[in-house]
Structures are given as C-alpha cells and as structure tokens.
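*Asks:* dropping the sequence and predicted coords here.
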Protein chains: 2
Amino acid sequence: MCPCRDMLDLLANKWSALAIGALEDGPQRFGQLRRRLEGVSPKVLSQTLRRLEDHGMLTRTVYAEVPPRVEYELTDLGHSASVPLKDLRNWVEENVPRH
Amino acid sequence: MCPCRDMLDLLANKWSALAIGALEDGPQRFGQLRRRLEGVSPKVLSQTLRRLEDHGMLTRTVYAEVPPRVEYELTDLGHSASVPLKDLRNWVEENVPRH
DNA sequence: CGACACTAGTAACCAACGGGTACTATCGGA
DNA sequence: TCCGATAGTACCCGTTGGTTACTAGTGTCG
C-alpha cells in the first residue's frame, strides 16, 4: 500500500542484507561481491544490485576498460540502512547454533 | 551453507518481520494478525507463521472451541529477534518519503 | 425455520521471483 | 593460438508469493 512496504521488501531480503553488509567496507567490484557472498549466482547478484541501485542505496560506476570494471558503492542512504541490517546479521550470528 | 543463512532468510522477509512486529504487543489470533498486516492473504500468513513456529520464534496454541480460536505468541527467541527487526522497520519508516 | 456471519485455515490455480548453468565480447599473456 | 579474467545476459525450471473460493460447526437474526 504505502511505499514503506516496498522499501521493507527490498531490505528484508537475504541477499540485499548481505550485499549491503559487504559494501560497508568500501566500494567493491562485481566479482569481489560475488566471492564474498558465497553462494550467490551472478544473475541473482545482478538483480539484487540493480534493485538496490534503483532505490538509491548504492551507485554503480562503469570504467571503460578491458576487462570490464564496475564498482558498486553505498550511498549515504545505503550507509544509513546498513546500521540496522548489521544489527540483524549480528543477532542471527549470535542466536544460531554454530555450524 | 551454514544454518545462519536459513535464519537470515527467515527473518529477512517482509511478512516475517511484520508478523513478529505485530506479536510484540502480546499473543494474537490469526484473524487479528491478518487484519493488522494489511494485505496479507490467509495462505501466505499461514505459511509465514508456520515457518516462524518451526524455527522456534513463536508458539501456536489451538483452543477447542467453536468458532475456532488459535493464538500465536512470541517465544523468548522471538522477542529477542524482534529488537533488530523493530530497528529495521523504524529505519524504513524514517527514511521513506511519506505516502 | 432459513440465511448469514464468524473462525482458521486449506485447495486449486497462476504469476513472479529465485536460482543454476551456459554463453557472450574483449584484451593481454603464455 | 588458446587460455584466463571480467561483468554480466539468455534460457530454463522449481519454489515461493499471492488470489480466490471453499470447508465445518455453531450462534444469531429475520
């Protein structure tokens, strides 16, 4: 109904939460993210990043090089959202019976 | 890979986050939840609640009455998870251009 | 007496998303 | 010449999300 549902739907999502977490350390390339988020397929990562970009959580910068280089970086909004997401990830890590 | 991914997948989900939020105020019946979480269909709410129950976030109590009465209540684990989820919902409410 | 409401779902069905694998172009290096 | 590296997309499929219709058993209203 209201736009906050869209935003919650975006952030309350496994790969979004993990991707934003990975980008907390600074800009990252596509392949770096792919390796850090173990288990994500390129298609899904691409979709996730695009949705985050559309909602203003990150920027995508293409460098016209070969091989191609694309960097993703959190916006201020993204950095701000990363705080509650980090708390959520921390809660999970603390409350799940370890491997 | 590790079980924390399952848990994150469970909690990082729109309806889960909203359902846990609604249950913060105390036990609720199915229909109450359905009305509070505007827009959720009975099937999806049922699925969501069952998944949360399976993961120990809430309890489901059936009263043998007519008409039927079923109450859902957060466990200690559920109450603990509700904290970071509430922070996330608050972030969304504060950072989304109002309706 | 018959119709309707209330409850907590389930059954059937469909669309959308999540996810996997294979494939592309381009260049440098062995 | 062939391989590797990069950032995706094309294609396909299964699971999930989602909608609507329907159930049973009783109480209430007309």
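*Replies:* Nice, thanks for sending it over. The shown structure was predicted, so the numbers you read here are calculated from the model rather than taken from an experiment.
*Asks:* okay, buried residues for the helix or strand harbouring residue A:45 please.
*Replies:* Remark: residue A:45 resides in helix A:42-54, with elements defined by DSSP states H and E. Of all the residues in helix A:42-54, those buried under the rule 16 or more other C-beta atoms under 10 Å in any protein chain shown are A:45, A:48-49, A:51-52. Where you see a C-beta, it was placed from the backbone N, CA and C, and this is true even at glycine.
*Asks:* helices and strands of chain A: which one bottoms out on pLDDT?
*Replies:* Scoring the helices and strands of chain A by mean pLDDT, DSSP states H and E places helix A:3-11 at the bottom, with a mean of 90.
*Asks:* what residues sit buried inside it?
*Replies:* For helix A:3-11, by 16+ other C-beta under 10 Å, it's A:4, A:7-11.
*Asks:* tell me the pLDDT of the closest residue to DNA strand C within chain A.
*Replies:* Here the residue of chain A nearest DNA strand C is residue A:41; by C-beta to the nearest atom of the strand that distance is 3.3 Å. pLDDT, residue A:41: 94.
*Asks:* gap between it and residue A:85?
*Replies:* Counting by C-beta to C-beta, to the nearest Å, the gap between residue A:41 and residue A:85 amounts to 21 Å.
*Asks:* and what of residue A:45?
*Replies:* Residue A:45 is 17 Å from residue A:85, by C-beta to C-beta.
*Asks:* same check, this time on residue A:96
*Replies:* 16 Å.
*Asks:* the more surrounded of the two?
*Replies:* Neighbour count, other C-beta atoms under 10 Å in any protein chain shown: between residue A:96 and residue A:85, residue A:85 has more, with 24 against 16.
*Asks:* the residue nearest in space to the middle of chain A in helix, strand or coil?
*Replies:* Computing the C-alpha centroid of chain A and ranking residues by C-alpha atoms, centre = their mean puts residue A:19 first, at 2.4 Å. Put simply, residue A:19 is helix when judged by DSSP: H, G, I helix; E, B strand; the rest coil.
*Asks:* how about it: what's its closest non-neighbour residue?
*Replies:* The shortest distance from residue A:19 to any non-neighbouring residue, by C-beta to C-beta, 6 or more residues apart in numbering or on different chains, is to residue A:48 (5.6 Å).
*Asks:* the one you found contacts residue A:22, doesn't it?
*Replies:* No: Residue A:48 lies out of contact with residue A:22 (C-beta atoms under 8 Å); the separation is 11.1 Å.
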